[in-house]
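Colleague: Build me a structure from this.
(one chain, ligands or ions: 1)
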Amino acid sequence: MASKGQLKLLTDFLNIPDVKVTHFVQDTSLGKILSVASLTSEVACPHCGQMSQKIHSYYSHLIKDLPMNGQNVYLQVNKRKMKCENCLKILALRYLSC
Ligand SMILES: [Zn+2]
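Modeller: Numbers count the residues shown, from 1 in each chain. Okay, here's the model as predicted:
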């Protein structure tokens, strides 16, 4: 398990705005897996403009990144769906668009 200092270093190394590394695993078959999450806790509803912090659900994707030291690197992107408290629409929090 990576220390907080190592996670901070990996976050700085990735250099993706508003994204932090939350977990690191060295998988024997896949390679390095970095779990990342957004630092954004609030999103503007594109339908009514209201800001919302209400989380509807979580889901994740595994994305292959560029190799590091000859090993495969994957980003496990943990995304959230938010729910607008005003118009009740479900909003996808988008980052790391791929
Ligand atoms: Zn709304």
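Colleague: In its sheet, which strands sit next to the lowest-mean-pLDDT helix or strand in the chain, and in what direction?
Modeller: Taking mean pLDDT, DSSP states H and E as the measure, the helices and strands of the chain show their lowest mean at strand 90-92, namely a mean of 85. Here strand 90-92 has these sheet partners by DSSP bridges: strand 71-83 (antiparallel).
Colleague: Now the strand it pairs with - C-alpha only, PDB.
Modeller: Provided in PDB are the C-alpha atoms of strand 71-83 (Å, rounded to 0.1, in the frame of the first residue of the first chain):
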ATOM      1  CA  GLN A  71       5.600  -1.600 -17.400                       C
ATOM      2  CA  ASN A  72       2.000  -1.100 -18.400                       C
ATOM      3  CA  VAL A  73       0.200   1.700 -16.500                       C
ATOM      4  CA  TYR A  74      -3.600   1.700 -16.100                       C
ATOM      5  CA  LEU A  75      -5.700   4.400 -14.600                       C
ATOM      6  CA  GLN A  76      -8.800   3.200 -12.700                       C
ATOM      7  CA  VAL A  77     -11.000   6.200 -13.100                       C
ATOM      8  CA  ASN A  78     -13.600   6.400 -10.400                       C
ATOM      9  CA  LYS A  79     -16.500   8.600 -11.600                       C
ATOM     10  CA  ARG A  80     -19.600   9.900  -9.900                       C
ATOM     11  CA  LYS A  81     -23.000  10.700 -11.200                       C
ATOM     12  CA  MET A  82     -24.600  13.600  -9.400                       C
ATOM     13  CA  LYS A  83     -28.300  14.400  -9.100                       C
END
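Colleague: Any residue of it touching the ion?
Modeller: No. In this structure, strand 71-83 remains apart from the ion according to C-beta under 5 Å from the ion; the gap is never smaller than 8.9 Å. For the C-beta atoms, the positions are set from N, CA and C on the backbone; glycine is no exception.
Colleague: Sort out which residues of that strand are buried, please.
Modeller: Neighbour-count burial for strand 71-83, with 16 or more other C-beta atoms under 10 Å as criterion, is recorded at 73-77, 79-80, 82-83.
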